[in-house]
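Enquirer: need coordinates for the below:
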Amino acid sequence: MYYSIRHLTKFLYSNQVSESMMETRMHPRSDQNQRCLTFHLSVSPRCRVFSYRDHLSNHVHHFDIPGMHGQLVIVAESLVEVQPAAQVPAFLAPDAWTDLDAMVEQGDYWEMLLPSEFTVPTPALDALALELDVRRRDDPLMVLHHLNQQIYEYFDYKPKSTNVDSPIDLALGTRAGVCQDFAHIMITLVRSKLRIPCRYVSGYLFHGESDMDRSVSSATHAWIEVLIPHLGWVGFDPTNWLVAGDRHIRTAIGRDYSDVPPTHGIFRGRAASELTVAVRVTPSLGTPSLDQELPVPEDWSILVEKATQLPEQPPPPTRQQQMAQQQQENS
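Expert: Numbers count the residues shown, from 1 in each chain. All right, here's what the predicted structure looks like:
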């Protein structure tokens, strides 16, 4: 399966700012069962974009806009080929816990075992672990399948009920959140109660007409990957009670959201910022020719056109207004 992905991000500032510095993680990874064929990042105001790979092989693009501007628009376009994922069994052999501990002892997984900024155990999390009976029993894969279902059933999916920097206790207290919250909660349980290496995945999820997904199709998505003996890193999506498959498109991996935000930056100036994000994932059985533009849906074209329009500027002062202002400054 091939997916063309368009990801629009717009920052609108209440006043003109003098500089913006930004880094993005929107370039899909080429590993496991997926391959990124093309990627293009457009930035307005225009600037020079640089890139590098971090220590987990995530693609990072960064840029600096030093001039005055009232908004920043970023459009990322990708073409990704995704192969069918290997079937994940329901359980493993009885000695799988021993195999897991031996694999962890021989490897370098400490980053994905220790608490991170958004995955620190709390009393509320400990209470949830007791209620859900999260402990080493049966075999690792069976416990993870069950935990994936439990989180899906325990929490309601409510957009805007939390923020990107919300601690897990907010979702634990309200029993509601978004994909980022459910990923952080499951990661914390897996690391602290099951002692299994676990990592956060940022990316996109294609929503087909027959798919019963809770997450919204117009935003990025988040899920987790857990290290399993004989299988490697296996993805679980507690938001939608799924094992990650060929509808999940990975852009970045890390300890938690703080490692892999799609955009992260600062600006210079006294202004408030308003963020708008839109995502479009379009599937196709074949790949478009690489020398042709990918088809752009009409509503997407309108959205991008509106986003790239400059904010309305006040009309220039008249001669009389300039003279009155000068008199007031001299008085």
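
Enquirer: just the buried positions in the top helix by length along the chain, please.
Expert: If you go by DSSP state H, the chain has its longest helix at helix 140-154. Within helix 140-154, the residues scored as buried using 16 or more other C-beta atoms under 10 Å are Pro140, Leu141, Val143, Leu144, His145, Leu147, Asn148, Gln150, Ile151, Tyr152. Placement of C-beta: from N, CA and C, glycine included.

Enquirer: just checking, what packs against the helix or strand harbouring Thr98?
Expert: Using DSSP states H and E, Thr98 maps to helix 96-106. In this structure, helix 96-106 packs against helix 140-154, strand 221-228, with contacts taken as 3 or more C-beta pairs under 8 Å, 6 or more residues apart in numbering; DSSP states H and E.

Enquirer: tell me which residues in that helix are buried?
Expert: Going by neighbour count (16+ other C-beta under 10 Å), the buried part of helix 96-106 is Ala96, Trp97, Asp99, Leu100, Met103, Val104.

Enquirer: okay, now Val60: neighbour count?
Expert: 17 (other C-beta atoms under 10 Å).

Enquirer: and if you look at Val277?
Expert: 14.

Enquirer: got a list of what it touches?
Expert: Neighbouring residues of Val277 by C-beta atoms under 8 Å, 6 or more residues apart in numbering: His7, Leu8, Thr9, Lys10, Ser218, Ala219, Thr220, Pro262.

Enquirer: between the residues you listed, which is nearest Arg247?
Expert: Using C-beta to C-beta, Thr220 is the member of those that sits closest to Arg247, with 14.0 Å.

Enquirer: next up, the contacts around the closest one.
Expert: His7, Ser202, Gly203, Tyr204, Thr251, Pro262, Val277, Val279.

Enquirer: recalculate using a threshold of 10 Å.
Expert: Residues in contact with Thr220 (C-beta atoms under 10 Å, 6 or more residues apart in numbering) are 7, 9, 25-26, 179-180, 202-205, 249, 251, 261-262, 277, 279.

Enquirer: distance to Gln83 and pLDDT added to the buried residues of helix 96-106, as JSON lines?
Expert: Listed next are the buried residues of helix 96-106 as JSON lines, based on distance: C-beta to C-beta, whole Å; pLDDT from 0 to 100:
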{"residue": "Ala96", "distance to Gln83": "26", "pLDDT": "95"}
{"residue": "Trp97", "distance to Gln83": "30", "pLDDT": "96"}
{"residue": "Asp99", "distance to Gln83": "26", "pLDDT": "95"}
{"residue": "Leu100", "distance to Gln83": "26", "pLDDT": "96"}
{"residue": "Met103", "distance to Gln83": "25", "pLDDT": "94"}
{"residue": "Val104", "distance to Gln83": "28", "pLDDT": "94"}
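
Enquirer: of all those, which two lie farthest apart?
Expert: The most widely separated members of the buried residues of helix 96-106, counting by C-beta to C-beta, are Ala96 and Val104 (12.4 Å).

Enquirer: and for the two, which residues touch both?
Expert: What both Ala96 and Val104 touch, as defined by C-beta under 10 Å, 6+ apart, is the set Pro229.

Enquirer: the strands in the stretch 51-200 of the chain, which residues?
Expert: Secondary structure of the stretch 51-200 of the chain by DSSP state E, counting those that start in this stretch: the strands cover 59-65, 69-82, 156-157, 176-177, 198-205.

Enquirer: adding distance to Ile228 and mean pLDDT, write those strands out as CSV.
Expert: Output for those, formatted as CSV (distance: least, C-beta to C-beta, whole Å; pLDDT from 0 to 100):
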stretch, distance to Ile228, mean pLDDT
strand 59-65, 26, 97
strand 69-82, 20, 96
strand 156-157, 26, 96
strand 176-177, 26, 96
strand 198-205, 11, 98
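
Enquirer: which of those strands sits most buried?
Expert: Between the strands of the stretch 51-200 of the chain, strand 198-205 has the highest mean count of neighbours, a mean of 25, where neighbours are mean count of other C-beta atoms under 10 Å.

Enquirer: got the angle for it vs strand 221-228?
Expert: On the basis of axes from the mean of the first three to the mean of the last three C-alpha atoms, to 10 degrees, strand 198-205 is oriented at 140 degrees to strand 221-228.
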